[in-house]
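In: Below are the sequence and a predicted model; questions follow.
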Amino acid sequence: MENIILILNIILAIILVILVLIQKSEGGALGIGVSQDNFMFSRSAGNFLTKATAVVATLFIICSLTLTILSRSELAPTISVIDKIEENADEAPKVPENNN
């Protein structure tokens, strides 16, 4: 299950990068060969790309959170750092007394 979600997360990341790179930097229209003659088409394409990017980004975040939750459940419970220090203090070598 975790492997399937991980593969889906990688695919969503690649799609998200591609969608962001395709968009124009000034307003979110297609950046490939759009002239001013096709202004209405470029605006609708920009709106589609903006919505598609938002959907893919939302799916990517949900997938990442799911992976985090799944991996967290497999971790063993840990002890406190203070408990580790106290355990190590008992094992520390003692300083010998000076009997001069």
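Out: That came through, no problem.
In: I'd like the average pLDDT over stretch 15-29.
Out: Averaged over stretch 15-29, pLDDT sits at 78.
In: what do you get for stretch 49-59?
Out: pLDDT averaged over stretch 49-59 gives 93.
In: Tell me the buried residues in it?
Out: For stretch 49-59, the neighbour count (16 or more other CB atoms under 10 Å) marks 49, 53, 56 as buried. Using the backbone N, CA and C atoms, a C-beta is placed for each residue, glycine as well.
In: Checking Asn99 next. Helix, strand or coil?
Out: coil (DSSP: H, G, I helix; E, B strand; the rest coil).
In: show me the contacts for it.
Out: For Asn99, no residue meets the contact criterion (CB atoms under 8 Å, 6 or more residues apart in numbering).
In: Repeat that for Ala13.
Out: Counted by CB under 8 Å, 6+ apart, Ala13 has contacts Phe60.
In: rewinding a little: show me which of the buried residues of stretch 49-59 is closest to Ile69.
Out: Val56 (20.5 Å; CB to CB).
In: Dihedrals phi and psi, the closest residue in space to the closest one that isn't next to it in sequence?
Out: Excluding its sequence neighbours, the residue lying closest to Val56 (CB to CB, 6 or more residues apart in numbering) is Leu16, at 4.9 Å. Here is the backbone geometry of Leu16 (degrees, to the nearest 10): phi -60, psi -40.
In: can I assume Leu16 is in contact with Ala54?
Out: No: in this structure, Leu16 is not within contact of Ala54 by CB atoms under 8 Å, at 10.2 Å.
In: Residues that sit against both of these two, list them.
Out: With contacts defined as CB under 8 Å, 6+ apart, no residue is shared by Leu16 and Ala54.
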